[in-house]
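In: Sequence plus predicted model, see below.
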Amino acid sequence: MSSKQIGTQMDAALFYGPNKLRIENVNMPVPSVDSIVLKVLSCSVCSYDVRTYRHGSFKVNPPVILGHEICAETIDTYCGENFSVKANQRVSVYPVIPCLYCWYCKHKKYNLCSNLKELGSSLNGGFAEYISIPKAIFEIGGIVPVLDSTSNEEASLIEPLACCVNGLSQIKNNDFESIIIIGDGPIGLMQLMLLKKQFPDRQITMIGKIRPRLDMARKLGADYIYEIKDEHFFTNPRDHIHGPMENVAPNLIFVSNNDIRSLKVALQLVNKNGNIILFSGVKNPSNMKNHDNDVLIDANFIHYNQVTVTGSFSSNPQNLSEAMELVNSKEINIRNLISNTFSLKNLLEALDTSESLKGLKSIINKFD
């Protein structure tokens, strides 16, 4: 524990608007009847954090503390109606704050809550020494204990891994012969590991732009890798990708990056009775002026080819527990995805490193 006590000051990264972020000394959050205060141990930088820092977000009303991929430590014992945890326990944190009253919450689809709030967006997040966690997160099982065998940095990646687990849950049937992942970042690599585990007999292709990431994909079991070297690829990707397209059976395609052109690629690569899972939000869509960035869905193509396009957003507490179990059991190794660590005072450098695609995951793991 820090020598600082609750109610004094802490360091935090305040986001004030696009390209405006400052490390400041602010009041620590104080426990209340509705919230618990945790000590942050590590917080991973998500591409959402980078996009928000550069362009803002409709979800964010500054000033706010960003960061939602969090490993933290409990300060006090918590005993609630549905959940209890001891003091000084390391935990991974589910970042969605549900209202608990809408149809989606009553059916435990908390990521689709009609009154959705999120840590690091609508409420202060993990780029600070301490964070206030609404008790609702505890009560829905959104606090998952971390074993001694898992590092703080790995534990902060449980949340994005849980999102990938949720993405795989959107697969409605197994009627596909091959898989394509468009996006060679940490998410795409996590999906590759999960898909290899769940569908070991399916051929998987990874498409991306960064050679070291593609090389890692090959080591993780990708049957094919394709490096996008120029813009010609986006005009007609079938002309470039040969091996995977020799099989005209139904395929499954994950769009796992925020470039709108990747959805256009998916629509060109999908086969009859194929499935497209749109995993990522689109990068800065409001500023797109070029009509080349428009995506027109051909209704007849979707209809006559019986193509399914599915969205996947965030996760549920059950996915967080499943992700933690996969890491605890060593079935999924996320340690190799951690390439850069920073102190909170160097958060801007961490954001720049993530934005420039240097390495894989950048994580804040020092706060004082």
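Out: That came in fine, so what should we check first?
In: which residue ranges form the strands in the stretch 101-250 of the chain?
Out: Secondary structure of the stretch 101-250 of the chain by DSSP state E, counting those that start in this stretch: the strands cover 117-118, 130-134, 143-145, 178-182, 203-208, 224-227.
In: tell me the most buried of those?
Out: Highest mean neighbour count among those (mean count of other Cβ atoms under 10 Å): strand 178-182, with a mean of 26. For the C-beta atoms, the positions are set from N, CA and C on the backbone; glycine is no exception.
In: what inclination does that strand have with respect to strand 203-208?
Out: Here strand 178-182 runs at an angle of 10 degrees relative to strand 203-208 (axes from the mean of the first three to the mean of the last three Cα atoms, to 10 degrees).
In: Could you tell me how far strand 178-182 lies from the centre of the chain?
Out: 18 Å (Cα atoms, centre = their mean, to the nearest Å).
In: How about stretch 197-210?
Out: For stretch 197-210, the separation from the chain centroid amounts to 19 Å (computed by Cα atoms, centre = their mean).
In: which residues are contacting it?
Out: 168, 174, 176-185, 188, 192, 195-196, 214, 217-218, 221-228, 241, 243-244, 247, 252, 265, 331-332, 357 (Cβ atoms under 8 Å, 6 or more residues apart in numbering).
In: Pull out the CA atoms of it and give them to me as PDB.
Out: Extracted in PDB, the C-alpha atoms of stretch 197-210 (Å, rounded to 0.1, in the frame of the first residue of the first chain):
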ATOM      1  CA  LYS A 197      -7.900 -23.200 -29.000                       C
ATOM      2  CA  GLN A 198     -11.600 -23.400 -29.800                       C
ATOM      3  CA  PHE A 199     -11.300 -24.400 -33.500                       C
ATOM      4  CA  PRO A 200      -7.900 -26.200 -33.900                       C
ATOM      5  CA  ASP A 201      -8.900 -27.800 -37.200                       C
ATOM      6  CA  ARG A 202      -9.800 -24.500 -38.900                       C
ATOM      7  CA  GLN A 203      -7.400 -22.700 -41.200                       C
ATOM      8  CA  ILE A 204      -6.600 -19.100 -39.800                       C
ATOM      9  CA  THR A 205      -5.300 -16.200 -41.800                       C
ATOM     10  CA  MET A 206      -4.000 -13.000 -40.200                       C
ATOM     11  CA  ILE A 207      -3.900  -9.800 -42.300                       C
ATOM     12  CA  GLY A 208      -2.000  -6.800 -41.000                       C
ATOM     13  CA  LYS A 209       0.600  -4.100 -41.700                       C
ATOM     14  CA  ILE A 210       3.300  -4.700 -39.100                       C
END
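In: what is the mean pLDDT for that stretch?
Out: Stretch 197-210 carries an average pLDDT of 96.
In: repeat for stretch 16-32
Out: 96.
In: residues of that stretch that come out buried?
Out: Using 16 or more other Cβ atoms under 10 Å as the test for burial, stretch 16-32 gives 21, 23, 26, 28-29, 31.
In: Alpha carbons of it, in CSV - could you do that?
Out: The C-alpha coordinates for stretch 16-32 follow below in CSV (Å, rounded to 0.1, in the frame of the first residue of the first chain):
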residue,chain,number,x,y,z
TYR,A,16,-9.5,18.0,-20.9
GLY,A,17,-10.1,17.5,-24.6
PRO,A,18,-8.4,16.5,-27.8
ASN,A,19,-4.6,16.6,-27.3
LYS,A,20,-5.0,18.1,-23.9
LEU,A,21,-4.0,15.8,-21.0
ARG,A,22,-2.2,16.8,-17.8
ILE,A,23,-0.7,14.9,-14.9
GLU,A,24,-2.1,16.7,-11.8
ASN,A,25,-2.2,16.3,-8.1
VAL,A,26,-5.9,15.9,-7.2
ASN,A,27,-8.0,14.8,-4.2
MET,A,28,-8.2,11.0,-3.7
PRO,A,29,-11.7,9.5,-4.2
VAL,A,30,-13.4,8.7,-0.9
PRO,A,31,-15.4,5.5,-0.2
SER,A,32,-19.2,6.0,0.0
